[in-house]
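**Q** Sequence and predicted structure are below.
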Amino acid sequence: MADLRDLYQEVILEHSKAPRNYRELASGQRAEGFNPLCGDHFTVFLKLENDVVNDVSFQGSGCAISKASASMMTQAVKGKSKAEAKKLFDTFHKLVTEGDANGDRADLGKLAVFSGVSEFPVRVKCATLAWHTLKAALEGKQGSVSTE
Amino acid sequence: MTTTTNLPSAAELHTVKRAYDVQRIRRDFPILARDVRGKKLVYLDNAATSQKPQIVLDAIARYYEQENANIHRGVHFLSELATSKHDHARQIVQKFINAPHAHEIVFVRGATEAINLVAQTYGRKHVSSGDEVLVTAMEHHSNIVPWQILCDEKSAKLRVAPINELGELIMAEFEKLIGPRTKIIAIPHVSNALGTVNPVAKIVELAHTLNIPVVVDGAQAAPHTKIDVQSLGCDFYAFSSHKMFGPMGMGVLYGKTELLEAMPPYQGGGDMISSVTFEKTIYNKLPFKFEAGTPDVAGAIGLGVAIEYLNAIGMDNIAAYEHELLAYATEKVSAISGVRLIGTARDKAGVLSFVMDNVHPHDIGTILDQEGIAIRTGHHCAQPVMQCFGIPATARASLALYNTKDEVDALAAGIKKVQEVFS
């Protein structure tokens, strides 16, 4: 049986209560992400320089999982190249859907705390909302992304 | 109109309570005995769908095992049997809502289809450019979107009557929004997100002074309260079988004869015609004009049995029991600090929507689920309601005739567990 503490790890709860990089960036790229089912809504702000994430932040509202994931994502991708950030999303996505069976944990660093999400399939969308939104911002897509 | 406020006197209530054996009722619902996630199931998601008693499950199985045939083609034994059972189900529904005639009961897939049917037939015929359709701010999406589609097509306007901070319709504002261009009024009998019971009879009376028909979404009322379409006076009444202990994929549209007669058909096909040539088709009489194709015969039979089950317990008994249970749940849950109820109308049925300080409803849902408690979290297909209260979502516990005070206690304990996780 899945354990609640696997999902709501201390680090996750702490980030959801005090999210990092929770601010607007006046310039740069931005994208909006929605999870229409539960009403989660985030905007991810992005400043790229020579294809490197110079600054990244977010704002919006959502559940503990989605907020903590957004917060920790901003920390994880800062300073990474576009390609590295996208690769990190792929690894993260694998982690939250398949658990930590696939040995890529080293790349994930602190993000590994989200491995418990794989035991709660309905919460995968929460954990990946900010990442999908980041991807849209990285690709300079217009409009908003939706997890539905 | 009978709502949860029309309670019997204290002496009567005592008799009712003695007669109401919830443990016996629970034994009629096999699913309630199962465990989920290693815990005893506490099913509090009845506004989404209700569980089914064994007699309904048996009736459906028996139909397919012993009685299955297509109806209205009756030259053989089974077809006659299936036809008569289908007809009988319609009569059961007619009596359940006190409709004057069985032909005013149209079988559809659910309340959603019933409302779409009215919008696409009555609506398309009677609403034109510049006209208005009036709904309320507490509507389920199924009583918004069909009217939006109609209004878009006809360049008509959808007007929305506001609600107050308790989640009640503001009648003075509602009255002001009724005007010479209002062609249809569509309201919920009971709000799915808030539990508010609307003064349907009063609204109908108001609407009829201007000859405006009233469509009532009764999906959330049917399992909780006695419905009498004649005393409500409404022109259309829609409800779903699956929310009232019957099978999914089955529902009812009640319509007044003169309105149904004058409406164009909904879908074309077999059964809805009396004769077809390539030059001209003559439509069948009511209600078959609106029932194209082979219907869900097992669904109708199952719904009929579910209604007979409700009748055996008595809708007044159910309403009285649930009213007491809701009062208990309201007291229990609102006593927990950091919890706020959304929807505190004076006349309520079945629903306890709430939010918690610093915890998103989705997290509440996941943590309660680990305790075996099934609730709904999100916007409950009523996003405008969430906007009224300035919240993205709520957690919603919704009650049915088989829920107990013990289950309410489990909910309250679960909420405290949520607070512990987030403390």
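**A** Yep, that arrived.
**Q** residues from chain A in reach of chain B?
**A** A:1-2, A:4, A:7-8, A:13, A:17, A:37-41, A:61-65, A:67, A:120, A:122-123, A:126 (Cβ under 8 Å from any Cβ of the partner chain). C-betas here are computed from N, CA, C, even on glycine.
**Q** In helices, which of these appear?
**A** Among those, the members falling in helices are A:4, A:7, A:13, A:17, A:64-65, A:67, A:126 (criterion: DSSP state H).
**Q** Point out where the stretch 301-423 of chain B drops to low pLDDT.
**A** Judged against pLDDT under 70, the stretch 301-423 of chain B has no low-scoring part.
**Q** tell me the contacts of the spatially closest residue to A:S115 that is not a sequence neighbour?
**A** Closest residue to A:S115 apart from its sequence neighbours, by Cβ to Cβ, 6 or more residues apart in numbering or on different chains: A:D100 at 4.3 Å. Each residue near A:D100 by Cβ atoms under 8 Å, 6 or more residues apart in numbering or on different chains is listed here: A:112, A:115, A:118.
**Q** Residue numbers of chain B in contact with chain A?
**A** Checking chain B against chain A by Cβ under 8 Å from any Cβ, the hits are B:37-38, B:358-363, B:366-367, B:370, B:377-379, B:383, B:386, B:392-393, B:421-422.
**Q** about what we covered before: go ahead and build a ChimeraX selection from the buried members of the residues of chain A next to chain B.
**A** Restricted to buried positions by 16 or more other Cβ atoms under 10 Å in any protein chain shown, the ChimeraX selection for the residues of chain A next to chain B reads:
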select /A:2,4,7,8,13,37,38,39,40,41,62,63,64,65,67,120,123,126
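**Q** Please look at A:F92 and A:V113 and confirm they touch.
**A** No. Under the criterion of Cβ atoms under 8 Å, A:F92 makes no contact with A:V113, lying 11.2 Å away.
**Q** more neighbours, those two?
**A** Set A:F92 next to A:V113 and count neighbours by other Cβ atoms under 10 Å in any protein chain shown: A:F92 wins out with 24 against 20.
**Q** State the distance from the more buried one to A:V145.
**A** Counting by Cβ to Cβ, to the nearest Å, the gap from A:F92 to A:V145 is 16 Å.
**Q** I figured A:T91 hits A:D107, correct?
**A** Yes. With contacts counted by Cβ under 8 Å, A:T91 reaches A:D107, the gap being 5.4 Å.
**Q** Look up the closest residue to B:D347, ignoring the ones flanking it.
**A** B:V197 (4.2 Å).
**Q** is the one you found in a bridge, and if so with what?
**A** B:V190 (DSSP bridges).
**Q** Ranking by neighbours, what's the top pick from the contacts of A:D100?
**A** Ranking these using other Cβ under 10 Å puts A:S118 first, with 21 neighbours.
**Q** list the contacts for that residue?
**A** A:95-100, A:124.
**Q** What about these, which are in strands?
**A** In strands, judged by DSSP state E, none of the contacts of A:S118 are found.
**Q** Show me which pair in these is furthest apart.
**A** A:D100 and A:V124 (14.4 Å; Cβ to Cβ).
**Q** Let me know the outermost residue of chain B.
**A** B:E279 (40.9 Å; Cα atoms, centre = their mean).
**Q** So it: helix, strand or coil?
**A** coil (DSSP: H, G, I helix; E, B strand; the rest coil).
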